[in-house]
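S.K.: got a predicted model here, sequence first, then my questions.
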Amino acid sequence: MADVLVIGSGGREQALAWKLAQSPSVSKVYVAPGNGGSRGKVENVAIGFTDVVKLLDFAREKAIDLTVIGQEAASEAGVVDAFSAANLKIFGPNKAAASIETSKAFSKDLMSEQNIPTAEYKNFTDSEAARRYAKSRPLPVVIKADGLATGKGVIIAGNETEIDQAIDDIMIKKTFGSSGDTVVVEDFLKGQEASLHALCDGHNSVIFPASQDYKQIFDGDKGPNTGGMGAFTPVEWVTKDLLDRVNNDVVQPALQGVANHGAPFTGCLYPGLMIDGDNFKVLEFNARFGDPEAEVYMRLLDSDLYEILNDCASGTLDHKKVSWKAGFAVSVVVASPGYPGEYPKGLPITGIEEAESQNDIVVFHAGTDIKDGQLVTAGGRVLNVTALGATLDEALEKAYAAVKLINFEGMHYRTDIGRRSS
Ligand code: AMP
Ligand code: GLY
């Protein structure tokens, strides 16, 4: 029997841990640092996700059989490099391979080298040159900080004033710190966004059904961007043919490109796509599962997650082992009042048990904690209420009925998850 360690603290990591715990091969799942939702076979370990030394000590001490990276900051901090050097099996890209997410300039250059369809662009370290180029392109134009910026480093500028403001904020005022030393200026793309995910073992890849997330805080895609307010899978208008094209024209060349730079990619590669009719272009690559996308994938996955992640980490991924249930999975995120701005913490949460007693409902905790025996809010995105259904409508009805049973002061959720048509 295997002991597994999952690294991260969000709903994504709870969903991965929940699915891993169902494997007949798994006896224990530790989550570092986890949140208030760990229970049963799943147990928290109070180690931060970038604390390489403590994570390594813990994995050695407990003879962990497989470690799974949830949170990209762990890859960037070098957790995978350290575990690999110590001959500990780990699912997730090393620091160099994770550059496909952590540096947008690297990612764009890789797409260009590998002829992966993406928006026309240039990278700049000089703010005046960036301004000149941005002003020479059709409007709106998109200006992106190179490094990680918690999803806030992308500005769509509709006129010259907004271009100047974006460059000033990112490159001069350094709103995102050194993430803004370099910017990518790229053309604006029209279409519908979809999240694609592929498991990768360094060379082989298995693509998942498409999903969509809902980034803005309010219904109708209004208000500021968040980490994601809900998701569903599969997206019916993303056809099998399109998925095959994404695997062949995006995922495979990306793996080749990363390997050419000396760091074969092991883990989940998640290209964000803009799809316009039959054409698609890559907006960005992420080097991890999406959140809340992981929550819906873990509900719909029919296979043994331990087996397939272990195969990825061993370089022996077999597409025949990855299968999906019929129907649809949805996740509705319940957030703290004020999120994605300032929000209170420590608000008591009720109703989760009742919600989970409903048919086909699993509630994955994100920003929760247990204080004096009471479950309380501890983050912006607090819970993911997930449901399965034979149809998308059925899954949504179940999820929203369950959300209504949950309560904390000022809780906020979108009421239109899954309602965007193609
Ligand atoms: P990124 O972090 O690069 O995926 O960008 C965040 C969000 O900004 C995307 O999910 C899109 O909604 C939007 N975005 C980024 N690049 C473009 C683009 N070239 N054209 C239109 N929208 C974009
Ligand atoms: N759902 C968006 C992300 O995980 O980046």
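M.R.: Noted; the coordinates are in hand. Ligands and ions are numbered 1, 2, ... in the order given.

S.K.: near ligand 1, which residues of the stretch 101-250 of the chain show up?
M.R.: Within the stretch 101-250 of the chain, the positions adjacent to ligand 1 are 119, 142, 144, 154, 186, 188, 189, 193 by C-beta under 6 Å from any ligand atom. Glycine gets a C-beta too; all of them are placed from N, C-alpha and C.

S.K.: most neighbours of all those residues, which one?
M.R.: residue 144 (27 neighbours; other C-beta atoms under 10 Å).

S.K.: before we move on, back to that, dump the residues of the stretch 101-250 of the chain next to ligand 1 to CSV, plus secondary structure and pLDDT.
M.R.: As requested, these are exported to CSV (DSSP: H, G, I helix; E, B strand; the rest coil; pLDDT from 0 to 100):
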residue, secondary structure, pLDDT
119, coil, 98
142, strand, 97
144, strand, 96
154, strand, 92
186, strand, 98
188, coil, 98
189, coil, 97
193, strand, 95
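
S.K.: for residue 421, give me the pLDDT.
M.R.: Predicted confidence (pLDDT) at residue 421: the value is 59.

S.K.: residue 159 and residue 130, how far apart?
M.R.: Residue 159 is 16 Å from residue 130, where distance means C-beta to C-beta, to the nearest Å.

S.K.: for these two, indicate the residue with more neighbours.
M.R.: It is residue 130, of residue 159 and residue 130, that has more neighbours when counted by other C-beta under 10 Å, with 23 against 12.

S.K.: that one: what's it in contact with?
M.R.: Going by C-beta atoms under 8 Å, 6 or more residues apart in numbering, residue 130 touches 124, 143, 167, 171, 183, 185.

S.K.: which SS state does the fourth one fall under?
M.R.: In this case it means residue 171. Assigned with DSSP: H, G, I helix; E, B strand; the rest coil, residue 171 falls in the helix class.

S.K.: show me what contacts the residue nearest to the spatial centre of the chain?
M.R.: For the chain, the residue sitting closest to the mean C-alpha position, by C-alpha atoms, centre = their mean, is residue 290 at 1.8 Å. Neighbour list for residue 290: 12, 195, 197, 211, 213, 228, 231, 270 [criterion: C-beta under 8 Å, 6+ apart].

S.K.: so what's the residue count around the fifth one?
M.R.: Look at residue 213: counted by other C-beta under 10 Å, it has 24 neighbours.

S.K.: so what's it bridging to?
M.R.: On the basis of DSSP bridges, residue 213 is bridged to residue 231.

S.K.: what of the last one?
M.R.: Bridge pairing for residue 270 (DSSP bridges) gives the partners residue 286.

S.K.: was I right to think it contacts residue 291?
M.R.: No. Residue 270 lies out of contact with residue 291 (C-beta atoms under 8 Å); the separation is 10.2 Å.

S.K.: neighbour count winner among these two?
M.R.: Relative neighbour count places residue 291 above the other of residue 270 and residue 291, with 27 against 24, counting by other C-beta under 10 Å.

S.K.: for the nearest residue to residue 304 once chain neighbours are set aside, give me its contacts.
M.R.: Among residues not flanking residue 304 along the chain, residue 23 sits closest, at 4.8 Å (C-beta to C-beta, 6 or more residues apart in numbering). Counting by C-beta under 8 Å, 6+ apart, residue 23 makes contact with 2, 304, 305, 306, 307.

S.K.: can you check residue 105 too?
M.R.: By C-beta under 8 Å, 6+ apart, the neighbours of residue 105 are 123, 146, 182, 184.

S.K.: repeat for residue 409
M.R.: By C-beta under 8 Å, 6+ apart, residue 409 lies in contact with 337, 347.
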